[in-house]
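>>> I need the structure of the sequence given here:
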Amino acid sequence: MADTGEPSLRIGFDETRTKVVFRSLADGQEHLVRFIARYSSGSQRGPQAAEVDLEEFLAQLTLLTHWHDPAGVVFSPDLRTLTEGSVRDSQAVEVRLQAGQRGEEIPEEISPSEVPGLLGPAWTAPLTSFQRRDAAKLLSLTHGANFSVPGAGKTRTALAVYAALRQAGKVRRLLVVSPKSAYEAWTEEAASCFTTPPVLRIFQRSQDSEAEILLVNYERLSRHQSQLAQWLTAAPALMVLDEAHRMKLGVRGTYGTSCMALGPLAAHRLILTGTPAPNGAKDLESLLSFVWPGHGRRAVDRAVSGGDLSHASRVLRPLFTRTTKSELQLPPMEVGVKYVELPETHRRLYSALKNQLTDLQDREQEEFARLGKVLVYLMMASTNPALLETGSDRYQPLPFFPVPQRPSTGTPLMELLRELPRYETSPKYEAVLRTVTENARMGRKTLVWSTFVRNLTTLAAALRPLHPAVVHGSTPDRDEQIRRFREDPECMVLLSNPATLGEGISLHHVCHDAVYLDRDFAAGRYLQSLDRIHRLGLAPGTKTRVTVLVAEGTIDGIVHERLGHKLEFMGKILDDPTVHELADPEEDLAPWGMDAWDLRALLEHLGNP
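As a prediction, this is how the structure comes out:
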């Protein structure tokens, strides 16, 4: 090749910032084709251009030595900065993982006792001993992960980390990516932690130059990625992913792709989630890949390769901090399973639907697995088959009849389905009504969970004397409903679904009873919802009671068993026996979180008469 004085290979980001683009000189095309074949994610973009996933590029930096002209490789400035930082991070991660392999404790650069002195004069909020410990470890890392249980005060700990980094001059602003439901917690904590609260704004349509703390939800990331990138790079920033399990798919999902693109632009990265691996190690890989691009996945792969989750927890422990449920020293939570027996007509309808779906799954198994239709139908039918009749309004409450009628002999199944409320009351509905009414009589408010909005509206109509609050995805006055439940002494029940209210909201000061009408396979969402009423700040001696309703012989039993397995996995990977305990609640003497094993259990249920 003639010496043109030009770099033989230029390397920079693509427009999404999740891939690295290689551009060669015109006479270097053959070299580029051979070189890019060394990467499993490599692909040609044109005769003189190719691309590789950012994560693989960072994980395989040594492959650059195979370029025919290593001295002619030139990085774009932003990619060079990221690459140099990644190398430093890789070395730090490797030291920690090796210590974890040997079972050694790593002395942190910052001790918990030093944390209060690092927060600056504007900080005013108290920190618990475990919050100081977690903040110290996170400050000792360039980037970090806080896997403390829901309700442990991760928001305050993250603000303490930000305050210390700001005081040290390492960052000047904070970008928080979270569900909308967590906005309240961030807003209130920011106001109470500082004598002069930082300017906090919720992201709208353009970057806000005056905001020191900017909140944005996961749904808006992809549409406004460029504006957020400009805000992140305008000043050194800490980027926090709250409820980070939302991007567990990594670059395979929309949320994860945007997070992975924006993350490298932040001077410091921090993830917060109490449920980092609700469906297995793959979830954990994506989360740690955001924190340490190129090294997070490799770290998890090595740690769990032997299948010993206790060993994996010890190895990975240097990379995250976690406060366990027992460390919160909360009064115990009583989790009980109440089995209900289906009445005759209800049982006939469930069996008929199950048989029909068995035929369908043989023909359309792949489609049903993707959409979760079979699961949805069976979950509805386990509570009330009449839910399957949508009518003119899919949210219209089902009627209650004081004196049920007996169906005529030979009544067709479809008529039984349409008219079931005339003949029988759902035993799950009856259990909820009894529990809520009895709690109200004792002055105790109740939180009722169901996946389906029509269950919520039906129970709201039946519980009208108790002035119920209802919150679901289409609720126009969500904040008012929550305020009324918290403050109105006549409002004795809140009806909601975990997808809407399972994260970010604290109800533990006013409510100590919860009932689950149904659940899906999403273990993380289930744990999150449990902690709405069982979290830091609970008064000593408070009795918290949770009842899970299971209709015998239905999909409920399969869901209960599979959730148990998932919670056991999380308990082992996090070395937290408290999570494991939740997987086996004592018997009383919920896109649906479905993985391959859940699907297998569902198909086995369909195959059993």
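
>>> mind listing the helices for the stretch 151-300 of the chain?
154-167, 183-193, 225-233, 254-262, 281-291, 296-304 (DSSP state H, counting those that start in this stretch).

>>> so can I have TSV of these showing mean neighbour count, mean pLDDT and distance to residue 422?
Where you see a C-beta, it was placed from the backbone N, CA and C, and this is true even at glycine. Output for the helices of the stretch 151-300 of the chain, formatted as TSV (neighbours: other CB atoms under 10 Å; pLDDT from 0 to 100; distance: least, CB to CB, whole Å):
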stretch	mean neighbour count	mean pLDDT	distance to residue 422
helix 154-167	24	97	49
helix 183-193	17	93	43
helix 225-233	18	87	53
helix 254-262	23	84	45
helix 281-291	24	79	45
helix 296-304	21	75	54
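
>>> specify the stretch among these that is closest to residue 113.
Of all the helices of the stretch 151-300 of the chain, it is helix 154-167 that lies closest to residue 113, at 13.6 Å by CB to CB.

>>> so where do the helices sit in the stretch 401-550 of the chain?
Taking DSSP H, counting those that start in this stretch, the helices of the stretch 401-550 of the chain run over residues 413-423, 427-441, 453-462, 478-487, 498-501, 523-530.

>>> against residue 532, how distant is the residue nearest to residue 444 when sequence neighbours are not counted?
Of all residues not flanking residue 444 in the chain, residue 513 sits nearest, at 5.4 Å (CB to CB, 6 or more residues apart in numbering). Computed as CB to CB, to the nearest Å, the residue 513 to residue 532 distance reads 11 Å.

>>> just to revisit the earlier point, which of the helices of the stretch 151-300 of the chain sits closest to residue 427?
Evaluated over the helices of the stretch 151-300 of the chain, closeness to residue 427 peaks at helix 281-291, with 35.2 Å, by CB to CB.

>>> the helices of the stretch 401-550 of the chain: which one's closest to residue 19?
For those, proximity to residue 19 was assessed by CB to CB; helix 523-530 is nearest, at 28.9 Å.

>>> for residue 574, give me the pLDDT.
At residue 574, the pLDDT value in this model is 61.

>>> thinking again about what came up before, redo the helices of the stretch 151-300 of the chain as CSV? Include distance to residue 415.
Formatted as CSV, those follow (distance: least, CB to CB, whole Å):
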stretch, distance to residue 415
helix 154-167, 52
helix 183-193, 47
helix 225-233, 53
helix 254-262, 44
helix 281-291, 45
helix 296-304, 53
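
>>> figure out which of those helices is closest to residue 27.
Of these, nearest to residue 27 by CB to CB is helix 254-262, at 32.7 Å.

>>> what angle do the closest one and helix 225-233 make?
Interaxial angle, helix 254-262 versus helix 225-233 (axes from the mean of the first three to the mean of the last three CA atoms, to 10 degrees): 40 degrees.

>>> and helix 254-262, what other elements does it pack with?
Secondary-structure packing of helix 254-262 (3 or more CB pairs under 8 Å, 6 or more residues apart in numbering; DSSP states H and E): helix 225-233, helix 281-291.

>>> quick one on the thing from earlier: what's the residue nearest to residue 444 in contact with, if anything?
Counting by CB atoms under 8 Å, 6 or more residues apart in numbering, residue 513 touches 435, 439, 444, 445, 446, 447, 533, 544, 545, 546, 547.
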